[in-house]
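Q: Got a sequence here, can you build the structure:
(3 chains)
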Amino acid sequence: MTAPAIETQNLSKEYPYGFLHLKRKTSLENLTMQVEHGEVFGLLGPNGAGKSTTIKLLMGIIFPTTGSAQILGKPVSDVSMHRDIGYLPEQPYFYDYLTAAEVLDYFARFHGFNAAERKERVQKMLQRVGLETAGKIQLRKFSKGMLQRVGLAQAILHDPKLVILDEPMSGLDPVGRREVRDIILELKNAGKTILFSTHILPDAETLCDRVGVIARGQLRGVGAPGSIVGVKSLGMEIVFELTGSRPQSEPIRAKAAKSGSNYRMNANEAELYEVLAELREAGAKIVSVTQIKPTLEDFFMELVGKDGARAAAIEVTGQ
Amino acid sequence: MSRILIVAQNTFREAVRDRVLYNLVFFALLMIASAVIVGQISMDIETIVMVSLGLSAISLIGLLIAVFTGVGLVSKEIDKRTLHAVLAKPLRRWEFLLGKFTGLVLTLTVNTAAMGAGLFLAMWYVKHSIARGDTVVLVALYFILLKLTLVVALAMMFSCFTSPLLAILFTGGLYVAGLFVAQLRSLQVTQMSPHTQKFFALLSFLLPNFGNYDVMGAATHGRAIPRILVLHNTLYTALYCAIVLSVAAVIFSRKDLK
Amino acid sequence: MMAGKTAAWLMLLILPAGFAGVWRLQRKVNVERDALYQEQDEVLVRSPKLMKLVTMEYSTLAAEIYWTRAVQYYGSRHLEQETNLESLWPLLDVATTLDPNLLPAYRFGALFLSEPEPRGAGRPDLAVQLLERGLEANPDCWRLDQDLGNVYYLELKDYKRAGEAYLEGSKKPGTQSWMKIMAARFLEKGNSRETAAILWTELFNSSNDAAIKENARVNLELLRADEDIERLNALAEEFAAKTGRPPKSIGELIQSGLLGGVPGDPVGHPYVIGPDGKAAISAKSSLFKEKSVYQRPL
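A: Below you'll find the model as predicted:
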């Protein structure tokens, strides 16, 4: 049984603040978790929950008040293991007087590639993140989305075993997000371990093998996205089109809820096929039949809801 | 070691692409040119005026670059968060610091050499020859460079634990203090009590003694500077920089970044 | 992150060792730099007009810098008992050109310049020039008249001009009553020890500057010594008249009943009779060294 890719024990971070630094704000409290090799792990939580704090602690950008963490078996203070890690910071910002190619080349140097290798890898990366035409443009002219891609490129340029991404989807349009999702899946298929943080739940649901939910500095739950919320089925939702005017249509139209040009109707599992037969009689065209499960979102909202007003306060004051 | 050089080369590249630097160097060259004109006002002292004004200009511009860029080396990276991605590489924090330092010192060397070349050009223009005595100006330029190196180290250290503005003020203040204390030592006729005098004598050893680098008199009059002084000044600078950079490294290695 | 312990050990090792090295190097550098500047104290620019042009609105500041250098220069040379003060005049010249209202430069500058070598530059003529420039720029400053009068009286022995200077000063605002009295004394009595004593006493009382006070004090002591020696010499002549030869020691004077006890000089050291039969300050007295430095026979 090999050690996990990432491991923390009671990792905590407190910030002193206020006059004379006498008060303390806890941004992370006793975080104990593991990320196994080869899995995609999502760190979920509302803004200010402590996701970025966790990642920064792992990367050695800030230092823990108590507790410890190891990456690839080595303590996080040992920067030599950074050789095998790729990191995308949140709101990445790079030297704006350099071009995209130059930035990637600069970062590549730290991994000891020779000039020819670097050139090749930089080219490949630019292509992969969709920036092959922007290689010679100075970063000061890049949009946020383009910077995000450069960030992603420098994170995977050296083919690391572990990739840590802080809010990788932020600032991207839907196309961009799709591309990032694809890259993450590619990496997963290549056997990499991925840890990323996000507050966008659908991404977590589709990508992650496991998620850890963090709120207000504490880990509230870890597990597969589905397992967190329970597999309790609340029935099936049928979406259908109904045109024409057979005699069976009217009662159905009355029962169903209209949504756009379609109709929706719920049915529990036992009566599903009956309802479907009814709809067929009425000449309905079935668009989709989906299981109604409590989503991560519901779990999330409940979590945030519990903390309710205080959570809102966190958002506003940042304290 | 090579990691330090990677950071150094990048820092140098940043400086080269910074237009402000070019403006400053250009300004210095302008001052040297004007020194030629000023020198012609008074007979006999053209060379003296030109050398002293020229060296002063080079020193002043160099100081501006050393202080402002020196402070910005670390603080700009922290503020803009360009640092985060770099620290994710297998690079220790002190290596990063040393790399930045080396890069800026390299930049200053190139700048000082360029401005020095301008000065020699002006000297040649005025005197139509370069005598052996003028090699003293080279030593004076070297001393200016040593001085700037120490200033950069101080600027970096301060920027590791205070805001950029305070770091600039502290560095500038320490420079002035270093000059002042050096002067005090030679001030025999004072109104100070022996205790105060001893205190200032102690300070003159603790504080960086920027008076060591002042050879304006020798340079303007073409008097040779003993090689042993060159050696000792170099050692002094190296040792003091080592102290300051160690302190900076310790502070930086334990600092939570944004 | 560098652990707290590592950091502490590092600092504990590097700081003291580093500063010890810095200290040693600094001492060496100090010696070498002093040697470098031994032969000649450099003055950046000796031309007052040029400096005035170059420094523009910072003239006053530049004046201060020149003035400070003058004081340092005088101080360091004074302690080394050196006579070459040729750089002093240009420093003062530039300082007062850049800032004509820099009173200390005129006052102390005149003092340094006028005192005879080795203590001063021995150039009372330059002192007069400086003070006259000062009076032109600061016509209401009676202290400058006082200083001018002193130079004429003490160094140039021109009692008429000394009196005239003091008279001028006595008419200016803020002046003190003895200025007029002294003017009268100079003009009437010319050279006299009493006049000089009053002059030095006034200088001692009125000045806040330690150097000037010291100067005045020593001069007063020397004056008293001269007085004592004059009286002793009178006694020596009496002795010679009586015995047909000059006295060989103070002891002989006491034995012959002319002196009641051993007279001491103003610092308490006994006087001696020199080989020429005349009284003198003992070479072992601290006043002896001062006399040779101050060289102020009256």
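Q: got the residues of chain B near chain A?
A: Residues of chain B lying close to chain A (CB under 8 Å from any CB of the partner chain) are B:3, B:6, B:10, B:13-14, B:17-18, B:80-82, B:84-92, B:254, B:256-257. (Glycine included, C-beta is placed from N, CA and C.)
Q: Quick one: buried ones out of these?
A: Buried subset of the residues of chain B next to chain A (neighbour count, 16 or more other CB atoms under 10 Å in any protein chain shown): B:3, B:6, B:10, B:13-14, B:18, B:81-82, B:84-92, B:254, B:257.
Q: rewinding a little: and chain C, which of the residues of chain B next to chain A contact it?
A: With CB under 8 Å from any CB as the criterion, the residues of chain B next to chain A include B:R254 near chain C.
Q: ranges for the strands of chain A?
A: Using DSSP state E, the strands of chain A run over A:6-17, A:23-35, A:40-44, A:66-71, A:74-75, A:85-88, A:162-166, A:193-198, A:210-215, A:218-223, A:236-241, A:257-259, A:262-267, A:285-291.
Q: Of all those strands, which one comes closest to chain B?
A: Chain B sits nearest to strand A:85-88 of all those, at 3.6 Å, using CB to the nearest CB.
Q: before we move on, the earlier item: and the strands of chain A: which comes nearest chain C?
A: Among the strands of chain A, the nearest to chain C by CB to the nearest CB is strand A:74-75 (10.1 Å).
Q: Starting from that closest one, tell me which strands it pairs with and how they run.
A: Next to strand A:74-75 in the sheet, as set by DSSP bridges, lie strand A:66-71 (antiparallel).
Q: how big is the angle separating the strand it pairs with from strand A:6-17?
A: Between the axes of strand A:66-71 and strand A:6-17, defined by axes from the mean of the first three to the mean of the last three CA atoms, to 10 degrees, the angle is 140 degrees.
Q: hmm, who's touching strand A:66-71?
A: Here strand A:66-71 makes contact (CB atoms under 8 Å, 6 or more residues apart in numbering or on different chains) with A:3, A:5-12, A:30-31, A:57-58, A:75-76, A:81, A:85, A:162.
Q: tally of neighbours for A:V239?
A: 17 (other CB atoms under 10 Å in any protein chain shown).
Q: A:R24 too?
A: Per other CB under 10 Å, the neighbour tally for A:R24 reads 12.
Q: Could I get the contacting residues of it?
A: By CB under 8 Å, 6+ apart, A:R24 lies in contact with A:E14, A:Y15, A:P16, A:Y17.
Q: and if you look at A:K56?
A: A:I62, B:L257.
Q: Then the one 5 residues further on?
A: For A:I61, the residues meeting the contact criterion (CB under 8 Å, 6+ apart) are B:H84, B:L87, B:D256, B:L257.
Q: from these, which ones fall inside helices?
A: Of the contacts of A:I61, the ones assigned to helices by DSSP state H are B:H84, B:L87.
Q: So which residues on the stretch 151-298 of chain C come close to chain B?
A: Contacts of the stretch 151-298 of chain C with chain B, taken as CB under 8 Å from any CB, map to C:A210, C:A211.
Q: hey, which helix or strand in chain C has the poorest pLDDT?
A: Least confident helix or strand, chain C: helix C:59-80 with a mean of 71, by mean pLDDT, DSSP states H and E.
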